[in-house]
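Student: Sequence plus the predicted model coming up.
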Amino acid sequence: MKINDLVNFFPDGVLVLNHHGDIVFSNAYANQICQKLLEETPTTAPVADEIWQLYQLLRKASDGAIAPERLALMEGEFYTGPGNDIRVRVQTVQLEQTEGLCFLIVLEDRQETVRRAAVAEIKKFKLTPREAEVWVWRRMGMTYNEIAAKLFVTIDTVKKHLKNIYAKREATEWAEQG
């Protein structure tokens, strides 16, 4: 398996820009996130403005405007719509095949990260299919009322499912300790 194929399996978007701002590499998920952002706010930059601004800051810093020991990582977060936050981390890297510094940009869809964590917990706690639905929505920040409306059940039913989930979580944690 090639490194490019491997990076395409990452749960986050990965972009690499050279010192001139040209895209050297991007995985499929980064392409998807960038395309969505560019549809919402067109720009002349090769990537969305939110990402470009962080890149520009770190690039200027790497040119000597900021002390090198403070260059480790730049991070930002921006809102892309209801329930969607993108966390952006930018750091400098030196690649053999490029001249000068490059900039590694990692794009994390916070909602997708929470969803993946919830799926792992569903398996770990051995939740029923209905409990799994409730748990995913709850972990994504929905209120009891919103979950009830989405699943066409009463709020008391949501509370009952969550009570069962919390009990299973506690039992699993207790079993792991003992």
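Tutor: Thanks, I have the structure now.
Student: can we go C-alpha only for contacts and neighbour counts from here?
Tutor: Will do.
Student: Flag every buried residue along the top strand by length along the chain.
Tutor: When the chain is parsed with DSSP state E, its longest strand is strand 84-93. Of the residues in strand 84-93, 85, 86, 87, 88, 89, 90, 91, 92 count as buried by neighbour count, 16 or more other C-alpha atoms under 10 Å.
Student: and which of those is nearest to residue 146?
Tutor: Closest approach between the buried residues of strand 84-93 and residue 146, by C-alpha to C-alpha: residue 85, at 19.4 Å.
Student: ok, residue 172 touching residue 126?
Tutor: No. Counting by C-alpha atoms under 8 Å, residue 126 is not a contact partner of residue 172; they are 9.2 Å apart.
Student: Using the three-state scheme, assign the spatially most central residue of the chain.
Tutor: In the chain, the centroid-proximal residue (C-alpha atoms, centre = their mean) is residue 108; its distance is 2.2 Å. Here residue 108 is recorded as strand under DSSP: H, G, I helix; E, B strand; the rest coil.
Student: do the same with residue 20
Tutor: Taking three-state DSSP as the rule, one finds residue 20 in the coil state.
Student: isn't there a strand covering residue 14?
Tutor: Yes. Secondary structure of residue 14 (three-state DSSP): part of a strand.
Student: State the pLDDT value of it.
Tutor: pLDDT recorded at residue 14 is 92.
Student: pLDDT weak spots in the chain?
Tutor: Applying pLDDT under 70 to the chain flags residues 1-4, 64-72, 80-83.
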